[in-house]
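>>> predicted model follows, preceded by the sequence.
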Amino acid sequence: MLVVGGGAAGIVAAWRAASLGARVILLEKTPRLGTKISISGGGKCNITHEGTIEDVLKGFRRDEARFLRPAMYRWTNRQMVDLLVARGLKVYTRPDGRIFPVDQTAKDVVAILASLLEEVGVDVRVRTPVTGLVLESGRAAGVRVGEDAFLAPRVVVSTGGSSYPNSGTTGDGWRWAREAGHTIVPVRAALAPIYLKTTEDWAELSGVALRDVVLKARVQGREADRWRGDLLFTHQGLSGPCALEVSRVVAERMIAEEITLAVDLIPDQPSDRFAESLHAQAMAAPKRGARSLIESLLPERLHDRLLADARLPEAPVGQLGRKAINRLAETLKAWPLATVRTVPLEKGEVVAGGVSLAEVDPHSMRSLHCEGLFLCGEVLDVAGRVGGYNLQAAWSTGFVAGETAAKETVEIGTARSS
Ligand SMILES: Cc1cc2nc3c(=O)[nH]c(=O)nc-3n(C[C@H](O)[C@H](O)[C@H](O)COP(=O)(O)OP(=O)(O)OC[C@H]3O[C@@H](n4cnc5c(N)ncnc54)[C@H](O)[C@@H]3O)c2cc1C
């Protein structure tokens with residue numbers, strides 16, 4: 001059988017299939033396996049997420065979780081970790097449940113995966129860009145690589161999404177799946193930075209990090225999404241966990257509507273209680289400047305902008321008055337940022353959209369439209385949160401695709417296409 005794409009899903013699919021005795025050729029476009037795994041988790045690789053499968057499924061939207069459930073139970077987060085640990089990887093779990101290698105890097109994870117393929121005799125062909133499927137009477141019969149064809153009755157497509165195109169993922173699998181009769185749910189950015197309008201204003205804040213704030217995305221004044229965590233200002237706008245987590249909803253909604261963003265810088269205190277505490281501080285030291293009220297709350301580089309946005313004069317706090325202090329509290333609780341300009345799809349950790357989940361059997365990863373075709377990993381319309389969820393979706397769906405494809409009759413031949 002053939003596996004196209006040597007990323008997380010394809011490697012596990014090929015390994016599982018060959019472990020069951022199938023002859024497997026794994027075709028990878030780039031010069032090496034696991035190119036995207038190597039850059040994952042900032043080069044450390046957040047392998048998966050701790051917890052029960054139901055916990056892991058919470059990292060996905062409901063329809064995605066429903067689709068992933070059988071595969072995740074078939075090949076769990078624990079089984080994936082055990083596989084790597086048995087080959088020498090040492091892992092630890094962060095307090096937020098994300099599992100990483102201890103001293104080793106993402107490249108070590110890829111090296112272990114490559115050794116697994118070698119152990120079970122997978123024929124790995126790197127620098128082999130597949131150009132299309134061979135379809136015969138509506139069923140998959142192999143793949144084309146330029147003028148050549150690799151023929152096999154089972155083809156697993158695990159070509160990933162289309163973010164970070166330099167890592168080899170350029171959405172090729174979606175084109176082939178469409179030709180095979182599949183619906184491709186429109187592809188959008190997810191887990192991506194957010195670029196703001198009027199970037200020249202924001203560029204001066206580049207590098208400022210806010211810890212434990214709530215970023216809210218609003219459409220016509222109504223909240224569309226929110227995330228609590230860290231937020232980072234960049235030259236173009238925002239990054240960090242908060243920006244990444246709301247980026248999917250922002251990318252979806254901004255097609256038709258204008259999105260504004262606001263930050264709650266004091267998420268643990270309700271607005272009125274917070275205003276009272278500011279007022280009490282002002283009364284306790286009335287001669288201090290307005291800046292004294294925010295000094296301990298925010299990085300210094302934000303002070304001028306925040307005081308200006310709250311329209312606070314440079315006067316002793318004792319002279320500011322109730323209204324001005326309330327205005328400061330409101331600004332800190334819902335600091336309006338600029339309108340969203342774009343969410344760059346190519347810069348996302350994953351893309352949302354892809355092969356419609358309604359057209360793939362979740363128990364086998366078999367295409368419901370094209371016999372002999374299996375689809376797994378990010379090529380599917382699945383996009384989880386930050387935290388190891390996306391790799392787990394790839395490991396689990398890859399395992400199931402490889403297993404079911406291998407259990408069907410497998411014969412591989414190569415031939416020159418006419
Ligand atoms: C910067 C970054 C950091 C990330 N960090 C994490 C993390 O820490 N934890 C986590 O869970 N997720 C993370 N992700 C997401 C995760 O990497 C992906 O969800 C996962 O790799 C998807 O696996 P996949 O096998 O479906 O696709 P990929 O891993 O992208 O593999 C697809 C493979 O197919 C190959 N291919 C494509 N087209 C062809 C073709 N025509 N012919 C042959 N081969 C082809 C590609 O070269 C590629 O190697 C991160 C993503 C990025 C970009």
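Everything's here; your move.

>>> rest of the way, CA atoms for contacts and neighbours
Noted.

>>> how far away is the residue of the stretch 201-350 of the chain found nearest the ligand from E371?
Of all residues in the stretch 201-350 of the chain, E349 sits closest to the ligand, at 3.7 Å by CA to the nearest ligand atom. E349 sits 31 Å away from E371, going by CA to CA, to the nearest Å.

>>> with S277 instead?
S277 is 67 Å from E371, by CA to CA.

>>> which positions in the stretch 151-300 of the chain make contact with the ligand?
Contact residues (CA under 6 Å from any ligand atom) of the stretch 151-300 of the chain with the ligand: S158, T159, G160, Y164, S167, G168, T169, D172.

>>> A406: which of those is nearest?
S158 (15.3 Å; CA to CA).

>>> tell me the pLDDT at that closest one?
Per-residue pLDDT puts S158 at 98.

>>> list the contacts of it.
Shown in contact with S158 (CA atoms under 8 Å, 6 or more residues apart in numbering): 3-7, 9-10, 173, 375-379, 398.

>>> let me have those residues in TSV, extended by neighbour count and secondary structure.
Listed next are the contacts of S158 as TSV, based on neighbours: other CA atoms under 10 Å; DSSP: H, G, I helix; E, B strand; the rest coil:
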residue	neighbour count	secondary structure
V3	31	strand
V4	28	strand
G5	30	coil
G6	30	coil
G7	31	coil
A9	34	helix
G10	34	helix
G173	28	helix
L375	31	strand
C376	34	coil
G377	31	helix
E378	31	helix
V379	28	helix
G398	34	helix
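
>>> about what we covered before: looking at S277 and E371, which has the bigger crowd around it?
Per other CA atoms under 10 Å, whichever of S277 and E371 has more neighbours is E371, with 19 against 14.

>>> any idea how the chain splits into domains?
Split into domains by automatic domain parsing, the chain comes to 2-188+350-416, 194-266+337-342, 271-334.

>>> ok, of those, where does mean pLDDT dip lowest?
The weakest mean pLDDT among the domains of the chain belongs to domain 271-334, with a mean of 89.

>>> ok so, going back, neighbours of the residue of the stretch 201-350 of the chain closest to the ligand, how many?
If you count neighbours by other CA under 10 Å, E349 ends up with 25.

>>> count of residues packed around the closest residue to it other than its chain neighbours?
Spatial nearest neighbour of E349, chain neighbours left out: L191 (5.4 Å); criterion: CA to CA, 6 or more residues apart in numbering. Using other CA under 10 Å as the criterion, L191 is surrounded by 29 other residues.

>>> give the phi and psi angles for L191, as a check.
Dihedral pair for L191: phi 50, psi 50, per degrees, to the nearest 10.

>>> now do the contacts for it.
Residues counted as contacts of L191 (CA under 8 Å, 6+ apart) are A243, L244, E245, V246, S247, R248, G348, E349, V350, V351, R385, V386.

>>> so how many other residues sit close to the fifth one?
Think S247. S247 is flanked by 28 other residues according to other CA under 10 Å.

>>> make sure it is actually in contact with P344.
No - counting by CA atoms under 8 Å, S247 does not reach P344; the two are 9.5 Å apart.

>>> any shared contact partners between the two?
Taking CA under 8 Å, 6+ apart as the criterion, S247 and P344 both touch A189, A192, P193, I194.

>>> turn the residues you listed into CSV, including neighbour count and secondary structure.
Shown next, in CSV, are the shared contacts of S247 and P344 (neighbours: other CA under 10 Å; three-state DSSP):
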residue, neighbour count, secondary structure
A189, 29, strand
A192, 27, coil
P193, 29, coil
I194, 29, strand
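
>>> nearest to M365 among these?
Proximity to M365 was ranked across the shared contacts of S247 and P344 by CA to CA; first place goes to A189, at 23.9 Å.

>>> who's in contact with the closest one?
With contact taken as CA under 8 Å, 6+ apart, A189 is in contact with S247, R248, A251, V343, P344, L345, E346, G348, V350, V351, A352.

>>> and what of A17?
The neighbourhood of A17, defined by CA under 8 Å, 6+ apart, consists of R23, V24, G402, E403, T404, A405, A406, K407.

>>> where does it land in three-state SS?
At A17, secondary structure determined by DSSP: H, G, I helix; E, B strand; the rest coil is helix.
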